[in-house]
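Asks: predicted model and sequence follow; I will ask about them next.
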Amino acid sequence: MIPKLHYISQGNSPKEHLENIQKACSAGAELVQLKVAGISEKKYLKLAQEAREITSHFQTRLILSNHYKIAKEVKADGVHLENIDFCATTALEHLYTWQIVGATANTLQDCNALISKKVDYITLSPFKDKETKENSTKDLGLNGFSLIVEALKTETPIIGAGGITTDDVADILETGVSGIAVSDAISQNFDSIKKFNELLNASSTQEQRHTF
């Protein structure tokens, strides 16, 4: 089972990433992804070990970005491949069988390629992105999410990402996406995790199940 809410760590320093992971776990996050760029593998290993200690204490799942060898070493719950160039098959072969592999996709073509490599979940991104990047991928929005999910007809969980706030959740779930990954909105207010969790569990099937 892939949790419906993924918190992607943020911070201006490795220490801040750990502090934010701790806050997310305290606030009830089921899964956190350690995403720190621009540090050496040695530093990332140390950081991953510390993140593993925090998440183990809270029984929260820990996913590492890209570093699948370190994910195996620290016994993280899995790895998330940010770039389609990272080979999911290689990561799957390297990891323990119980570890999960997720990957980011921007197009239907990306999704199909990842499904053929048997990833455990796909993060579809960006929903909307405030930052304009030079090689910016086009925002998918609700329409893009709907079209891709409909075309895929897959059992593989699709997680929406990119500038998502609590206001977007109900509409996103209507597209058939099974969960969301959030960075900014949670880092700005860790109490929002409770609200996100409530919104994500409010699927129509569960509402029907609870009517007496």
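Replies: Right, received. Where do you want to start?
Asks: where does residue 29 land in three-state SS?
Replies: coil (DSSP: H, G, I helix; E, B strand; the rest coil).
Asks: that one and residue 167: what is the separation?
Replies: 20 Å (CB to CB, to the nearest Å). Glycine gets a C-beta too; all of them are placed from N, C-alpha and C.
Asks: the two: which is more packed in?
Replies: Set residue 29 next to residue 167 and count neighbours by other CB atoms under 10 Å: residue 29 wins out with 24 against 9.
Asks: would you agree residue 64 falls within a strand?
Replies: Yes. Residue 64: assigned to a strand according to three-state DSSP.
Asks: which non-adjacent residue is nearest it?
Replies: residue 71 (4.5 Å; CB to CB, 6 or more residues apart in numbering).
Asks: and if you look at residue 92?
Replies: Nearest one to residue 92, counting by CB to CB, 6+ apart, is residue 101 at 5.4 Å.
Asks: so who does that neighbour touch?
Replies: Residues in contact with residue 101 (CB atoms under 8 Å, 6 or more residues apart in numbering) are 68, 78, 79, 80, 81, 88, 91, 92, 95, 119, 120.
Asks: now for residue 32: which residues touch it?
Replies: 6-9, 21, 24-25, 51, 55, 60-63.
Asks: helix, strand or coil for it?
Replies: What three-state DSSP gives for residue 32 is strand.
Asks: tell me where the model's unsure across the chain.
Replies: The model of the chain has pLDDT under 70 over residues 84, 130-136, 202-212.
Asks: one more time with 50, if that's ok
Replies: By pLDDT under 50, the weakly predicted segments of the chain are 203-212.
Asks: which helix is the longest one in it?
Replies: helix 41-58 (DSSP state H).
Asks: helices or strands up against that helix?
Replies: In terms of contacts (3 or more CB pairs under 8 Å, 6 or more residues apart in numbering; DSSP states H and E), helix 41-58 is packed against helix 14-26, strand 31-34, strand 61-65, helix 68-73.
Asks: dump the C-alpha coordinates for that helix into CSV.
Replies: C-alpha atoms of helix 41-58 as CSV (Å, rounded to 0.1, in the frame of the first residue of the first chain):
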residue,chain,number,x,y,z
GLU,A,41,27.2,11.0,-1.4
LYS,A,42,29.0,10.8,1.9
LYS,A,43,27.0,13.6,3.3
TYR,A,44,23.8,12.3,1.9
LEU,A,45,24.5,8.9,3.5
LYS,A,46,24.9,10.5,6.9
LEU,A,47,21.7,12.6,6.4
ALA,A,48,19.8,9.5,5.3
GLN,A,49,20.9,7.6,8.4
GLU,A,50,19.7,10.4,10.6
ALA,A,51,16.4,10.7,8.7
ARG,A,52,16.0,6.9,9.0
GLU,A,53,16.3,7.3,12.8
ILE,A,54,13.6,10.0,13.0
THR,A,55,11.2,8.1,10.7
SER,A,56,11.7,4.8,12.5
HIS,A,57,10.8,6.4,15.8
PHE,A,58,7.5,7.6,14.3
